[in-house]
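Asker: prediction below, plus the sequence it came from.
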Amino acid sequence: MPKIQNPNDPRQEPKTYPPLLKAARAAWKFFTSVRLTIVLILVLVAFSLIGVFVIQVPDGFAHGSVEYNWWLENVAWFKYGVWAGPMDFFQLFDVYHSVWFLGAGLLLVLNIIACSINRWRSVWAAVSSHRVKHGQPFYTEGRELAQFHSAGDEPSKAGSLVIRALRRSGYGVKTESASGRLYLSASKNSYSPLATYLIHLSLIMFIAAFLITSYLGFRDPFFIVAEGTEVAVGHGTSLSLRLEDFTDDYWPDGTPKDYRSDVILYQGGEEVKEGTIRVNHPLGYQGTRFYQSFFGPAAVISIQAEDGGVLYQDSLPLSGILESSPFERPTGTFVLDSENLVVRIIGPAVNLDDPAIAGGELGLELYDRETALALGWIKLEKGAPAELEGLEFSYLGDAMYSGFQVSRDPGNPLIWAASALFLIGLGIVFYLPRRQLWAMVEPVGKGSQISLRWASVRGPGRNLEFQKIVSKLQDIPNLNIEGPTGDNDD
């Protein structure tokens, strides 16, 4: 029958809200939407996939800097062509620092917090609900029900048998008497539903850790140091690493057995740590970790001016590859600032016998730093100086370089804490779920009838615990089961 509207009844007037409150209610509804959660997770997954399949600018190349513009023109445009411009505009080459990724992450944090607050009242009501007494229909309309008869026992005595069995099973029991009946409410793991908040908190911490690492941390996969040299780590640190010695060992069949780097770590010019870095055995200091990654040849080069002054003497890593089909020659480059020159050193081919550069020789190319024009080419024999453009170049000997992956992850402690909270919350939810049972003991003839109702639990095996309780009650001599047990949907 339709409800009759009474225009004089103020209770039937539609509610109106001030504009500010209306906007706040709309914002709250938006942030508590589960659909928003799903959309934000999909957005973050999409950006993560972009970060995997689209080349990302190396750490330290700030957006808009000279280094970034060089990388954009020489790397990104070469690979993606005209698409590089739009991809740069949408920050897809630095996706983990983009406003899109940061915005989606922050929105997801707010969404999780809002959903958690929104659900608190219902969760707490379920946790703190201790209603003991229920009407007669309550014990006949549930999913898991059972009835027992206790011959010759009044309700108080029959109820004490049930209470003893429940407490032995780890249940807390509350009782209430009314109209000759005894009512029981038993529960176990009462606060388990609150474990979902541990999971929500862990998700927030995961997102926060990732954002902290993305903005305050760094990862340099190509940090190269030659034997006998010291290289600054950069990335806002005052650290530098010196490679004292590199050793590589092989099995008789030629496969690598071990390779290790003996290093000294400096901070602000002072030695702070020394050690040996092996594969899977990094060196760590104040959150910065050095992982052994690769290695290769280096050459000790010396350059003297006409007056005999030494302009350069160091081990140069030959970490690049100069491809001149079919030859692949290792190469290394450095800038001679005092002469405004770029020097490229080229080693003999590593894949074939090299007719141009023999063993014990190096090729040397000289370029003008400003114009990039080639000034000349010579071959260097070990121990035999050669002149070019008024400078004396010497190939003093061979060395090795070691390649490290250097990273600083300030979000790591948060990741470990979040992982622990997530596992604890998940374990409680799945292995310590809340269990609740109600019983009504009433006089029937010369004995008592006990009616049980089990709180419905979703998922497979939801009533196994109830069946265990029924079995324990069946073992009590004075109690005989009468009514149905298990699901009662039919």
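Answerer: Yes, it's here.
Asker: where along the stretch 51-200 of the chain do the strands fall?
Answerer: All strands of the stretch 51-200 of the chain, identified by DSSP state E, counting those that start in this stretch, fall at 144-150, 172-178, 181-188.
Asker: is it possible to get TSV of those strands that adds mean neighbour count and mean pLDDT?
Answerer: All C-beta spots, glycine's among them, are computed from the backbone N, C-alpha and C. Formatted as TSV, the strands of the stretch 51-200 of the chain follow (neighbours: other Cβ atoms under 10 Å; pLDDT from 0 to 100):
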stretch	mean neighbour count	mean pLDDT
strand 144-150	21	89
strand 172-178	14	92
strand 181-188	21	93
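Asker: of all those strands, which lies closest to Val444?
Answerer: Within the strands of the stretch 51-200 of the chain, the stretch nearest Val444 is strand 144-150; the backing value is 7.1 Å (Cβ to Cβ).
Asker: grab the CA positions of that closest one and hand them over as CSV.
Answerer: Provided in CSV are the C-alpha atoms of strand 144-150 (Å, rounded to 0.1, in the frame of the first residue of the first chain):
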residue,chain,number,x,y,z
GLU,A,144,23.5,-24.1,11.5
LEU,A,145,21.2,-25.4,14.2
ALA,A,146,21.0,-28.2,16.8
GLN,A,147,18.7,-29.3,19.6
PHE,A,148,19.5,-31.5,22.6
HIS,A,149,17.4,-33.0,25.4
SER,A,150,18.6,-33.4,28.9
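Asker: returning to that earlier point: want to throw the strands of the stretch 51-200 of the chain into TSV with distance to Ser419?
Answerer: Output for the strands of the stretch 51-200 of the chain, formatted as TSV (distance: least, Cβ to Cβ, whole Å):
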stretch	distance to Ser419
strand 144-150	36
strand 172-178	32
strand 181-188	28
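Asker: just so I know, which of these lies nearest Met400?
Answerer: Comparing the strands of the stretch 51-200 of the chain by Cβ to Cβ, strand 181-188 comes nearest, at 65.0 Å.
Asker: counting contacts, what elements does the closest one pack onto?
Answerer: helix 155-168, strand 172-178, strand 435-444 (3 or more Cβ pairs under 8 Å, 6 or more residues apart in numbering; DSSP states H and E).
Asker: can you map out the helices along the stretch 101-250 of the chain?
Answerer: 155-168, 195-216 (DSSP state H, counting those that start in this stretch).
Asker: what angle do the helix or strand harbouring Asp398 and helix 195-216 make?
Answerer: Using DSSP states H and E, Asp398 sits within strand 391-408. Orientation note: strand 391-408 sits at an angle of 170 degrees relative to helix 195-216 (axes from the mean of the first three to the mean of the last three Cα atoms, to 10 degrees).
Asker: tell me the contacts of Val225?
Answerer: Val225 is in contact with Val231, Leu241, Arg242, Leu243, Ser261, Val263, Pro317, Tyr401, Ser402, Phe404, counting by Cβ atoms under 8 Å, 6 or more residues apart in numbering.
Asker: the nearest residue to it once chain neighbours are set aside: how many residues sit nearby?
Answerer: Of all residues not flanking Val225 in the chain, Leu243 sits nearest, at 4.3 Å (Cβ to Cβ, 6 or more residues apart in numbering). By other Cβ atoms under 10 Å, the residues close to Leu243 number 26.
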